[in-house]
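S.K.: Turn this into a structure:
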Amino acid sequence: MRKVLLTGITGFLGSHIAEILIQHQVEVIGLKRSTSNLSRCTSFADAIKWIDLDNGSDWKAQVITQSPTEIIHCAWIGVEANDRNQWSLQAKNIALLIDLLELTQRLDLKKFIFLGSQAEYGNISHKVSEDDAVQPMSAYASVKLSCLQILKTYSELNNINWLWLRVFSVFGERESDNWLIPSVVNTMKTKSEMDFTGGEQRYAYLYAGDFAKILLSIVESEIKSGIYNVSGNHTLTLKSLLVQIRDAINPSFLLNFGAIPYRENQSMHIEGDITKLTNEIGMIDFTDFNVALSKTLNYYLSK
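M.R.: Numbering: from 1, shown residues only. Here you go, the predicted structure:
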């Protein structure tokens, strides 16, 4: 039976991965801190074997006892925009990766899966493939790439199947309140207008439910070690997304496009070529975007 050790399980992406694994009878071992907020995991928390990171070295012994067959490493310190250039904060992420890699010496591990980021590519203006050059423009992206090199080197030296997933723009239920869609929904419920950039940047939005299905396929499939983009399959502008949200929630709400300047080095076309991934796991049955957005908006409107 598959047993997945999942870090970052209480976060947005981690909670969606945990939920779909449990639905498909995969045993989930959740690595968390004693102070972690479990609200995203409420409906399935009882099905998870929890291990607290802040139990000194005991957490490692517990992981060895549980004997996971796969590790999915989602945890990351400093994902918020204000933290992405805090070098000392970002560098703290390296230690947990090394701890997990060293634990693999005591496990019969089938795969080590790490969530990377499209930020590793830097300023992008076209659909990018895994062969495109990386050009990190933040501490966050630089440390992600450092972790990639550590994972690749350690895994190759120790014969571990490793997968680095460059995740693009994911949306859906259970995002942090200050992220785009929940913050816009909350503002539209209480105010009459909101300022934005010109909104011309294009994103290949990926629904969180589809992201979770992709991770399930990766866990269940035989896949070559390497870097894989994980992205939606079509793009739309930020402006068109916001207009669609406005029309669904509050048609009289004013969207002040152009009131905020684009940030320096703003990427204008954020999309990953997923050919390499689909060659390994098969074609992806994406949820219709309008259906996914409607589910997402209903979730935030009901909160």
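S.K.: all helices for the stretch 201-303 of the chain, in order.
M.R.: Along the stretch 201-303 of the chain, counting by DSSP state H, counting those that start in this stretch, helices occupy 208-220, 238-249, 275-281, 289-301.
S.K.: what about the ones you listed, which gets the closest to residue 66?
M.R.: helix 208-220 (16.2 Å; C-beta to C-beta). Yep, even glycine has a C-beta here, placed from its N, CA and C like the rest.
S.K.: So which of the helices of the stretch 201-303 of the chain is the most surrounded?
M.R.: Comparing these by mean neighbour count (mean count of other C-beta atoms under 10 Å), helix 208-220 ranks first with a mean of 21.
S.K.: which residues touch it?
M.R.: 2, 4, 12-13, 16-17, 19-21, 24, 26, 70, 72, 111, 113, 163, 165, 167, 170-174, 230, 232, 277, 281-282, 284-287, 292, 295 (C-beta atoms under 8 Å, 6 or more residues apart in numbering).
S.K.: what does stretch 48-58 give?
M.R.: Applying C-beta under 8 Å, 6+ apart, the set of residues contacting stretch 48-58 is 9, 18, 22, 27-35, 41, 59, 62-63, 66, 96.
S.K.: so how far is residue 184 from residue 193?
M.R.: Separation of residue 193 from residue 184 (C-beta to C-beta, to the nearest Å): 12 Å.
S.K.: which residues touch the residue of the chain most remote from its centre?
M.R.: Most distant from the centre of the chain: residue 252, at 33.2 Å, with distances by C-alpha atoms, centre = their mean. Applying C-beta under 8 Å, 6+ apart to residue 252 gives the contacts residue 192.
S.K.: swap in the one 3 residues further on?
M.R.: Contacts for residue 255 were tallied using C-beta under 8 Å, 6+ apart; they are 193, 194, 196, 199, 239, 242, 243, 246.
S.K.: I appreciate the help and will end here.
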